[in-house]
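*Asks:* Generate coordinates for the sequence data below:
(chains A and B)
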Amino acid sequence: MNTRGHFVIEPQKGWQLLDLPELRRYGDLFYFLIARDIKVRYKQTVLGGLWAIIQPLFMMVIFSLFFGNLAKVSSDGVPYPIFNFSAMVAWTYFANTISFSGNSLVQNTALISKVYFPRLLAPLAPVIASLLDFVIAFVILIGMMLYYHIYPTIMMLFVPLLVILMILTTGGIGMFLAALNAKYRDIRLTIPFLVQFWMFASPVVYPVSMIPEKYHLIYAINPMAGIIEGFRSALLGTVAFPTQMLLISTVVSIIIFIAGAFYFRQTESYFADVI
Amino acid sequence: MPNPIIKVDNLSKRYRIGAAERVNKTFRETIMDGLISPVRNFGRLHRLTSFKNGDERDVIWALKDISFEVNEGEVLGIIGKNGAGKSTILKILSRITKPSSGRAEVFGRVSSLLEVGTGFHPELTGRENIFLNGAILGMRKKEIEQKFDDIVSFAEIDKFIDTPIKWYSSGMQVRLAFAVAAHLEPEILLIDEVLAVGDIAFQQKCLGKMEDVSKGGRTVIFVSHNMGAIRSLCTNAIWLDDGRVAESGPTDKVVTDYEEGQLEHLKESSYVVERNPEDVKNKSFYFSRVEMQNEKGENTTLFKYNDKIVLICDLCGEPGDNFSPEFRIYNELRQLVATGASGAFHGKYFNKTVKRAKITIGPLILTSGKYTISLSVMVNQDRYDTWENAIGFTIVKCQPFKVPYEMPTHVEGVCIVDHTFSSME
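*Replies:* Presented below is the predicted three-dimensional model:
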């Protein structure tokens, strides 16, 4: 008898976090869900993959116009467009992904109610799939840096760490929103508003230096603040590497990821019943 | 030594059915309702997944203390009315939803087929959907690659394999979905009513495939309303009624009992009809009562293909001359299916003193469905009385051929005519 497939079905009890062997068994499905997300995202659009660049670029132009030129917001000594775009790359990833992720269960209602698979794959697939957009935008960012004669330094080595923190934060929020959304559809309507609000709570259009020094550590409880400031420092070298802020952001983003996964796992047993 | 591969022990599942929406009468109520509804809605949504002890009014038990075992290689049928909990069992065993109490143990790789084409994405090509759907049903990528060519040829869509399936006809989409499902090779297969889709030929193809599966030593749990399919495929069956096991055991016994239970229920539809006095106020000669029986003289309104109907008609009043009763049979599509007339067809006229006539109709070569009979009586050339839709009957079983399918009127036509096929050299 095949013990690999042996499982017990019981009412949910106790704490669950990640069932790694189970996730590994469904690795192929995860792969196909990610592939689907990537293939479908820009299907039947004229501009296709260009949208990955257009979104952050267009926002950057608008912000440069209003915050850079008109409001004369400080940009830590570099031209405002590059100052803003270095934040837009990570921000666009975060904003788009929590929206995709948060709606992932509701969009896959047929799947949830008709087949079994580890439910975590649904909100996590967009987290991985959106990385492609991130990479494309990142390449544009490097191009812009060269245009402004800002050359990458050894600090670039911090980028992978920042990307990991960005994924953890996004994934955690995504899982949390997806689980809530399964029961309370208010979440679907809240996400756009949440994203707007969160952007102004992060140093996207303004520098961290605008925030009084004594509030920096509280400010860093928003992990996107540390992450975005980290990107600026690592790529543009405008400010010293925000070690303290990033330490807090690291802790918070890990907590967010674990809490998101935990909440998701605690509630997933009723998804099929209420969705 | 039988080897239980699925053990189900006191499994129960409850659902809370959402409270009915309120209807607002006035503008003011609507406004007030808009202001206070968030609080109420939150309570309603929150309560969906929280249960207090004790039975509450809007809680229903979809399953209550279900226990059974399935041995390796067994094909188990689950039957019962709609809402009896059949699908809920499959959902729990395939881990889509959790039970409220009790437990089940499963030894083996499970695939469930509660629907075909689950997860098909219209924007993806046939090829991409085969891989996605295969993975959703639990296949590994390598497995799908090996079977890819078989799937494509089974679905007969070779030319369109790289076209997004939104351009496929719905028939092509169903074929593709079935092709993927048919190539699953799990140890345990849970199937819900998939055979209900498609035409007879396609159902036959799927049944054949299922027979292969069960002969291949795999364990199958099969939920269906198609008693013929259950009989021919399953060794054992469980009859669920209202979330409980009403009976379980060898298929023939359970299905027979189930069908009889159903018939008991249907028999209540009246086999004796008294004429409404309003109908016959100004009539001098008319039908006053009709009674339906089978050949054995038992009262019933349910018949099988090839059965005979016996109608006992009571007549009232004075015809003045010899008379001829007639009947017409209509099907549920209100098509006139058959007629009979004593005088016009057979030259047989009843003596004017006769007060009771017996009409024997059949053998009924009708397809399964509901029928009504209208009665009328002729005296000389005058129609003295017509009783529209006097009484109804149902053909509950029409399986004249050696296939386990019902032949319903809306699919197979009004009747079955004898026919043969032979090849000519």
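*Asks:* What are the boundaries of the helices in the stretch 301-425 of chain B?
*Replies:* B:342-346, B:409-412 (DSSP state H, counting those that start in this stretch).
*Asks:* quick one: buried residues of the longest one?
*Replies:* If you call a residue buried by 16 or more other CB atoms under 10 Å in any protein chain shown, then helix B:342-346 has these buried ones: B:S342, B:G343. From N, CA and C alone the C-beta is placed, and that goes for glycine too.
*Asks:* I'd like to know which elements it is packed against.
*Replies:* Other elements packing on helix B:342-346 under the criterion 3 or more CB pairs under 8 Å, 6 or more residues apart in numbering or on different chains; DSSP states H and E are strand B:323-331.
*Asks:* Would you mark the buried spots in the strand it packs on?
*Replies:* B:F323, B:S324, B:P325, B:E326, B:F327, B:R328, B:I329, B:Y330, B:N331.
*Asks:* possible to save the residues you listed as JSON lines with distance to chain A and pLDDT?
*Replies:* Compiled in JSON lines, these are given as follows (distance: CB to the nearest CB, whole Å; pLDDT from 0 to 100):
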{"residue": "B:F323", "distance to chain A": "62", "pLDDT": "93"}
{"residue": "B:S324", "distance to chain A": "60", "pLDDT": "93"}
{"residue": "B:P325", "distance to chain A": "56", "pLDDT": "94"}
{"residue": "B:E326", "distance to chain A": "54", "pLDDT": "94"}
{"residue": "B:F327", "distance to chain A": "49", "pLDDT": "95"}
{"residue": "B:R328", "distance to chain A": "47", "pLDDT": "93"}
{"residue": "B:I329", "distance to chain A": "43", "pLDDT": "94"}
{"residue": "B:Y330", "distance to chain A": "40", "pLDDT": "90"}
{"residue": "B:N331", "distance to chain A": "36", "pLDDT": "86"}
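*Asks:* Among the residues you listed, find me the one that's closest to A:Y184.
*Replies:* The nearest member of the buried residues of strand B:323-331 to A:Y184, counting by CB to CB, is B:N331 at 49.8 Å.
*Asks:* in the sheet, who's paired with that closest one?
*Replies:* Under the criterion DSSP bridges, B:N331 forms beta bridges with B:Y371.
*Asks:* So it versus B:T367, what's the distance?
*Replies:* Using CB to CB, to the nearest Å, B:N331 is found at 8 Å from B:T367.
*Asks:* Could you name every residue contacting both of the two?
*Replies:* Residues touching both B:N331 and B:T367 (CB atoms under 8 Å, 6 or more residues apart in numbering or on different chains): B:T409, B:V414.
*Asks:* just the strands in the stretch 151-300 of chain B please.
*Replies:* In the stretch 151-300 of chain B, the strands defined using DSSP state E, counting those that start in this stretch lie at B:188-192, B:219-223, B:236-241, B:244-250, B:272-274, B:285-293.
*Asks:* Name the stretch among those that sits most buried.
*Replies:* Mean neighbour counts were compared across the strands of the stretch 151-300 of chain B using mean count of other CB atoms under 10 Å in any protein chain shown; the top stretch is strand B:219-223, at a mean of 24.
*Asks:* can you dump the C-alpha coordinates of that strand into PDB?
*Replies:* Extracted C-alpha coordinates of strand B:219-223, given in PDB (Å, rounded to 0.1, in the frame of the first residue of the first chain):
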ATOM      1  CA  THR B 219     -11.000   2.100  -6.000                       C
ATOM      2  CA  VAL B 220     -13.900   4.300  -7.100                       C
ATOM      3  CA  ILE B 221     -16.600   6.100  -5.300                       C
ATOM      4  CA  PHE B 222     -19.300   7.100  -7.700                       C
ATOM      5  CA  VAL B 223     -22.200   9.500  -7.000                       C
END
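*Asks:* average pLDDT across that strand?
*Replies:* Across strand B:219-223, pLDDT averages out at 89.
*Asks:* name the helices or strands packed onto it?
*Replies:* strand B:4-16, strand B:59-71, strand B:75-80, helix B:86-93, strand B:188-192, helix B:200-215, helix B:227-233.
*Asks:* Can I get these in CSV including mean pLDDT?
*Replies:* Below are the helices and strands packed on strand B:219-223 laid out as CSV (pLDDT from 0 to 100):
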stretch, mean pLDDT
strand B:4-16, 89
strand B:59-71, 90
strand B:75-80, 92
helix B:86-93, 91
strand B:188-192, 86
helix B:200-215, 70
helix B:227-233, 80
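*Asks:* Output the ones you listed as a markdown table; include the columns distance to B:P363.
*Replies:* Below are these laid out as a markdown table (distance: least, CB to CB, whole Å):
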| stretch | distance to B:P363 |
| --- | --- |
| strand B:4-16 | 44 |
| strand B:59-71 | 41 |
| strand B:75-80 | 29 |
| helix B:86-93 | 35 |
| strand B:188-192 | 36 |
| helix B:200-215 | 23 |
| helix B:227-233 | 20 |
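*Asks:* want to try TSV for the ones you listed, with distance to chain A as columns?
*Replies:* As requested, the helices and strands packed on strand B:219-223 are exported to TSV (distance: least, CB to the nearest CB, whole Å):
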stretch	distance to chain A
strand B:4-16	6
strand B:59-71	10
strand B:75-80	16
helix B:86-93	6
strand B:188-192	8
helix B:200-215	17
helix B:227-233	21
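*Asks:* So which of these is nearest B:V396?
*Replies:* Closest approach to B:V396 among the helices and strands packed on strand B:219-223 (CB to CB): helix B:227-233, 10.2 Å.
*Asks:* Mind listing what's buried along that closest one?
*Replies:* Neighbour-count burial for helix B:227-233, with 16+ other CB under 10 Å as criterion, is recorded at B:M227, B:G228, B:A229, B:I230, B:R231, B:L233.
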